[in-house]
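Enquirer: Fold the stuff below for me.
(2 chains)
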Amino acid sequence: MHELSIAVSMVERIIEESESRGGLQVEAVHLRLGVLAGVDRDALAFSYEIACEGTFLAGSKLVIDTVPLLIYCDTCAAESAPDSIQHIACPRCQTLSPKIIHGRELEVTALEIAA
Amino acid sequence: MTTAPRLIEVRAKVLKQNDLLARELREQFRGSGVYVVSLVSSPGSGKTAFLEKLLSRLSATSRVAALVGDLATENDAARLRRAAPQVKQITTGTICHLDAQMVQRALEEWELSDLDFLFIENVGNLVCPSSYDLGEELRIVLLSTTEGEDKPLKYPTIFNGADVAVITKMDLAAAAEFDLDAARRNIQSVRPGMKVFEVSSKTGQGMDETLSFLQARLEASRLKAAQK
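Expert: A predicted model of the protein is given here:
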């Protein structure tokens, strides 16, 4: 399980972002997590709480926004969303495609602070 | 009085630190003319045996070195040193993957420009290494015939993140009733267009093709660097 390492990196990044904005009272953190990022959602949520302990983020909420897989299909000349990460093919024409547009995201997109 | 929370937009890649360091390493590798290949697989799929063969064959014509990651013991490094002198073990303790910083630290005393190939054998694990860029030029994922042909479907992320797949222990394929066509299909399903080599470290099957491929990639990468 590497989610704890990921959570620790995440907390470091949030502290960095918060400090660069003059210190924020962060109540919740929004994260975009792609289905091909190789990170388990539940394990990350659990690890996040542990990683926050002893920092000003303790008690903050983690809101995970799952990003589905999106590929570009050359046959259809269009974007398409495969049914699963076990079969990275265009659902319209069944062509396999290595062109991944979305699905690898692992990024903090927003911080929620008390008004 | 109720106060609505305020949302502040940020764009922070969680693994930025690792990604930046990996990018730095990649530049350094390219500048030194060394072609860096990493190997990932589950424990026991034959990474070290395959690497042993690669190192001993390549060292006849090229300058090779290897870093090998494990949670504990120096056993693999000792084994690989029989094939090439420049081998360093990275013991990660409890960490289930290598990261760019571990690679950077392990390379501190080495002169990269003295090398043609550097191999990085990751910790045996089909999950955790997928998130960490090590600065390598080529990532090989290995799958042994004794593991079953559906491994790519069970671990799509690591297969998708790799550049080349190597099916190992081909000498045991018949005994293990390994369905090679299904394995090829499954690999293409999770990583469309992926190049696949079928090898046996024991009999030497597929090693010539793998070696020529690596030599060609080294030459191509040097040519590209020279044109810059």
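
Enquirer: burial count for residue 20?
Expert: Unless you meant another one, I'm taking chain A. By the measure other CB atoms under 10 Å in any protein chain shown, the count of residues near A:Ser20 is 10. Any C-beta I mention is one placed from the backbone N, CA and C, and that applies to glycine too.

Enquirer: not quite, I wanted chain B
Expert: When neighbours are defined as other CB under 10 Å, B:Leu20 has 13 of them.

Enquirer: In three-state terms, label it for me.
Expert: Classification of B:Leu20 into helix, strand or coil gives helix, according to DSSP: H, G, I helix; E, B strand; the rest coil.

Enquirer: show me the contacts for it.
Expert: Residues near B:Leu20 by CB atoms under 8 Å, 6 or more residues apart in numbering or on different chains: none.

Enquirer: switch the cut-off to 10 Å
Expert: Neighbouring residues of B:Leu20 by CB atoms under 10 Å, 6 or more residues apart in numbering or on different chains: B:Lys13, B:Ala100, B:Asp133.

Enquirer: Which ones among those also lie next to chain A?
Expert: Among these, the ones lying near chain A by CB under 10 Å from any CB of the partner chain are B:Lys13.

Enquirer: Okay, and which of the contacts of B:Leu20 map to helices?
Expert: For those, the ones inside helices are B:Ala100, with DSSP state H as the criterion.

Enquirer: With B:Asp70 as the reference, measure out to B:Thr92.
Expert: The span separating B:Thr92 from B:Asp70 equals 7 Å under the rule CB to CB, to the nearest Å.

Enquirer: Between those two, which contacts overlap?
Expert: Residues touching both B:Thr92 and B:Asp70 by CB under 10 Å, 6+ apart: B:Leu98, B:Asn122, B:Val123.

Enquirer: Can you show me the helices along chain A?
Expert: With DSSP H, the ranges of helices along chain A come out as A:3-20, A:41-52.

Enquirer: list the helices and strands the first one packs on?
Expert: Helix A:3-20 makes packing contacts with strand A:26-34, helix A:41-52, strand A:106-113, strand B:6-13, helix B:16-32 when contacts are defined by 3 or more CB pairs under 10 Å, 6 or more residues apart in numbering or on different chains; DSSP states H and E.

Enquirer: Which one's more surrounded, B:Thr92 and B:Asp70?
Expert: Comparing B:Thr92 with B:Asp70 by neighbour count (other CB under 10 Å), the higher total belongs to B:Asp70, at 20 against 16.

Enquirer: residues contacting the more buried one?
Expert: For B:Asp70, the contacting residues are B:43, B:48, B:76-77, B:89-92, B:98, B:121-124, by CB under 10 Å, 6+ apart.

Enquirer: OK, contacts around A:Asp65?
Expert: Per CB under 10 Å, 6+ apart, neighbours of A:Asp65: A:His30, A:Leu31, A:Arg32, A:Leu33, A:Glu105, A:Thr109, A:Ala110.

Enquirer: if we can go back for a sec, how about TSV for the shared contacts of B:Thr92 and B:Asp70, with pLDDT, distance to chain A and neighbour count added?
Expert: Shown next, in TSV, are those (pLDDT from 0 to 100; distance: CB to the nearest CB, whole Å; neighbours: other CB atoms under 10 Å in any protein chain shown):
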residue	pLDDT	distance to chain A	neighbour count
B:Leu98	95	11	26
B:Asn122	96	12	29
B:Val123	94	10	20
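
Enquirer: Out of those residues, which comes closest to A:Glu3?
Expert: Looking at the shared contacts of B:Thr92 and B:Asp70 and their distance to A:Glu3, the nearest is B:Val123, at 15.8 Å (CB to CB).

Enquirer: What sits closest to the residue nearest the centre of chain A if chain neighbours are left out?
Expert: Centre of chain A computed as the mean C-alpha position; nearest residue by CA atoms, centre = their mean is A:Leu33, 2.0 Å away. Closest residue in space to A:Leu33, ignoring its immediate chain neighbours: A:Ile64 at 5.3 Å, by CB to CB, 6 or more residues apart in numbering or on different chains.

Enquirer: I figured that neighbour hits A:Phe46, correct?
Expert: No - using CB atoms under 10 Å, A:Ile64 is not in contact with A:Phe46; the gap is 11.7 Å.

Enquirer: just so I know, which of the helices of chain A lies nearest B:Pro129?
Expert: helix A:3-20 (11.5 Å).

Enquirer: Quick check: buried residues in the closest one?
Expert: By neighbour count with 16 or more other CB atoms under 10 Å in any protein chain shown, helix A:3-20 contains the buried residues A:3-15, A:17-18.

Enquirer: Skipping adjacent residues, who's closest to A:Lys61 in space?
Expert: A:Ala28 (4.0 Å).

Enquirer: what sits against the one you found?
Expert: For A:Ala28, the set of contacting residues under the criterion of CB under 10 Å, 6+ apart consists of A:Ser60, A:Lys61, A:Leu62, A:Val63, A:Ala110, A:Leu111, A:Glu112, A:Ile113, B:Pro5, B:Leu7.
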